[in-house]
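Asks: fold the following, please.
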Amino acid sequence: MLSFLKRHSLIVASLMFAVLSFQIASSNVKGIGSSIIIGRVVTSVTAPVMATVNYTIDGAADIWNNYIYLVNLKQENETLKGIVVQLKQENNGYKENLLTDNRLREFFSFTENMPISFKASNVIGINNLDWFRTITIDKGAEDDIVKDMAVLTANGIVGRVVESYSKTSKILLAIDPRSNIDVIIQRSRIKGIAEGKGDNRLILKYVQQFEDVQIGDVVVSAGIGGIFPKGIMVGEVVKVEKSDDSFFKSIEIKTSVDFKKLEEVLIAANQPEK
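Replies: A predicted model of the protein is given here:
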């Protein structure tokens, strides 16, 4: 409709002008005055029509220009959103690389002070079925990983190798109820057995009632049994009570390793000396 008015506006105005001219010419008005009157009448009649047509056309042009602007703006916003998503992904990647680098630095710093060598490995599987607590790592027999090798992090003992396949190995975690570690209270030198409790806790067994164990005591590996090197962090005593048999204390240890956050581990590449 708008394009029609724009294309035929002159025709419409001409028709109106012709009709008015015919009517005026047929009247009794004569001479120059009549021409002036005709001109004024035509102008007064056609001006509003032309103004309306021009206004409509201009308005349509403005709407079209605004529409095009909004379309371009939407496309630009979509492009910017894509760039923001990409930058966030890159930023997260940098953060992950930085965190991994920090963990590996802790590993290397830890191994520098140890008399044995280690192999780093990634955790590729977790088994938290019922009470059993094991993980799978991406190193196996092809990497000289064998049963009963100690598995650690810079924060302490993780567990030991129980099965070694060609490219992977299964690790029995220290918190598994089947796990037993010979430990010692660092402050008082009291020895005991740390048994898994199924969560991030261990039970310290075979500590008699009269022996000196307090909440907050640090517990480390005793170096007995030929699996774990001596002095590796195990955890901290968080509970000391009398047991039901009144002979041994009931003691709980909070592990120094957060088993829910395991990503990389260290495997002792050779057995510690007895």
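Asks: contacts, neighbours, all on C-alpha from now
Replies: Noted.
Asks: quick one: low-confidence parts of the stretch 151-274 of the chain?
Replies: The model of the stretch 151-274 of the chain has pLDDT under 70 over residues 270-274.
Asks: again, only using 90
Replies: Residues of the stretch 151-274 of the chain meeting the criterion pLDDT under 90: 153-155, 197-200, 223-226, 229-231, 242-247, 260-261, 263-264, 268-274.
Asks: the stretch 1-150 of the chain too?
Replies: Using pLDDT under 90, the flagged stretches of the stretch 1-150 of the chain are 1-120, 126-133.
Asks: which residues sit in contact with residue 131?
Replies: Neighbouring residues of residue 131 by Cα atoms under 8 Å, 6 or more residues apart in numbering: 176-177, 198.
Asks: and it, which of the three is it?
Replies: On the three-state scheme (DSSP: H, G, I helix; E, B strand; the rest coil), residue 131 is labelled coil.
Asks: make residue 1 into 5 and carry on from there
Replies: Sounds good: first residue 5 from here, last item residue 135.
Asks: any idea how the chain splits into domains?
Replies: Domain assignment of the chain by automatic domain parsing yields the ranges 6-75, 122-272.
Asks: any idea which of the contacts of residue 135 has the most stuff around it?
Replies: Of all the contacts of residue 135, the most densely surrounded is residue 180 (22 neighbours; neighbours counted as other Cα atoms under 10 Å).
Asks: what's the closest non-adjacent residue to residue 216?
Replies: Nearest residue to residue 216, sequence neighbours excluded (Cα to Cα, 6 or more residues apart in numbering): residue 192, at 6.4 Å.
Asks: and residue 132, what does it touch?
Replies: Counting by Cα under 8 Å, 6+ apart, residue 132 makes contact with residue 138.
Asks: next, give phi and psi for it.
Replies: phi -120, psi 30 (degrees, to the nearest 10).
Asks: roughly how far does it sit from residue 256?
Replies: Per Cα to Cα, to the nearest Å, residue 132 is found 21 Å from residue 256.
Asks: please apply the same query to residue 207.
Replies: Distance from residue 207 to residue 256, by Cα to Cα: 5 Å.
Asks: what segments of the protein are helices?
Replies: Taking DSSP state H to define them, one finds helices in the chain at 6-29, 35-116.
Asks: on that earlier part again, mutual contacts of residue 207 and residue 256, please.
Replies: Contacts common to residue 207 and residue 256, judged by Cα under 8 Å, 6+ apart, are absent.
Asks: list the residues that contact the spatially closest residue to residue 155 that is not a sequence neighbour.
Replies: Of all residues not flanking residue 155 in the chain, residue 271 sits nearest, at 4.6 Å (Cα to Cα, 6+ apart). By Cα under 8 Å, 6+ apart, residue 271 lies in contact with 122-125, 149, 153-156.
Asks: can you list these in CSV and add neighbour count and distance to residue 240?
Replies: Below are those laid out as CSV (neighbours: other Cα atoms under 10 Å; distance: Cα to Cα, whole Å):
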residue, neighbour count, distance to residue 240
122, 20, 25
123, 16, 27
124, 19, 26
125, 18, 26
149, 23, 30
153, 21, 24
154, 26, 20
155, 26, 19
156, 23, 17
